[in-house]
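J.: Return a 3D structure for these sequence lines:
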Amino acid sequence: MARALSLCGVILAAGESTRMGRDKALLPWPPDAPASSAETLLSAAIAAFNPFSDVVIVVVGKNELNLAPVVYASGASLVRNPSPERGQFSSLQVALHEVLNRGRDAAMVTLVDRPPPRTATLAALRAAFESAVEQGKWAVVPEYQGRHGHPIVLGREMIEAFLRAPATGTAREIEHGNLEHVQYVPVDDPSVPMNLNTPQDYAALRTPAQ
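T.: Now for the predicted structure:
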């Protein structure tokens, strides 16, 4: 009998959001919702992950004091990257250490600077990962119209490969160095490859006036 998958959700949110001009994690979501009723990108991502994860871990940096209330109010856990200036890969390594420390053997990872993942996308990725593991795969990566993105799902073997890499490495380098162990999963979700880096990127998601 196959054992149940024990999976952590991971949201990387330690960046300084310099191009956006304010912390992307705290941007209202959806963009055109009334301010009094809107969630944030971070709280919406946590809510999306909760049904698919045993626990959701949010990696923060110098923005810890600002994000902690959102993290805890949303029922997630917080871990701090002590050196966020080392870049996003260092935050990923901090998160994956925490995943293993909590006794989990898989992680579903996304970045806070993108639209929260859709329920159908998360369900497809989790199902694909459970099947792929039986075929010797270490990770599944979503693909929309030929473009790869997030969330990605990592098994223990890929987690350990990330943790063995130098802090100067990148997730893409590790992924491309282990392509035979990666399964790409087509999804009907244009947000998968999307990044929200600037106010213009964010404003473009507002619903056009009718």
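
J.: any chance you could map the helices in this protein?
T.: 41-49, 64-73, 88-101, 119-133, 156-164, 171-176, 199-203 (DSSP state H).

J.: Just put these in CSV and tack on distance to Leu111, mean pLDDT and mean neighbour count.
T.: (C-beta placed from N, C-alpha, C; glycine too.) Listed next are the helices of the chain as CSV, based on distance: least, CB to CB, whole Å; pLDDT from 0 to 100; neighbours: other CB atoms under 10 Å:
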stretch, distance to Leu111, mean pLDDT, mean neighbour count
helix 41-49, 9, 97, 23
helix 64-73, 14, 97, 15
helix 88-101, 8, 96, 20
helix 119-133, 14, 96, 18
helix 156-164, 15, 97, 18
helix 171-176, 10, 92, 15
helix 199-203, 13, 93, 14
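
J.: residue contacts, the residue nearest the centre of the chain?
T.: Centroid-nearest residue in the chain, with CA atoms, centre = their mean: Thr110, separated by 1.1 Å. By CB atoms under 8 Å, 6 or more residues apart in numbering, the contact set of Thr110 is 9-12, 45, 49, 117, 150-152.

J.: quick revisit: take the helices of the chain and write them to JSON lines, including distance to Pro186.
T.: JSON lines is the format used below for those (distance: least, CB to CB, whole Å):
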{"stretch": "helix 41-49", "distance to Pro186": "20"}
{"stretch": "helix 64-73", "distance to Pro186": "32"}
{"stretch": "helix 88-101", "distance to Pro186": "24"}
{"stretch": "helix 119-133", "distance to Pro186": "9"}
{"stretch": "helix 156-164", "distance to Pro186": "20"}
{"stretch": "helix 171-176", "distance to Pro186": "17"}
{"stretch": "helix 199-203", "distance to Pro186": "24"}
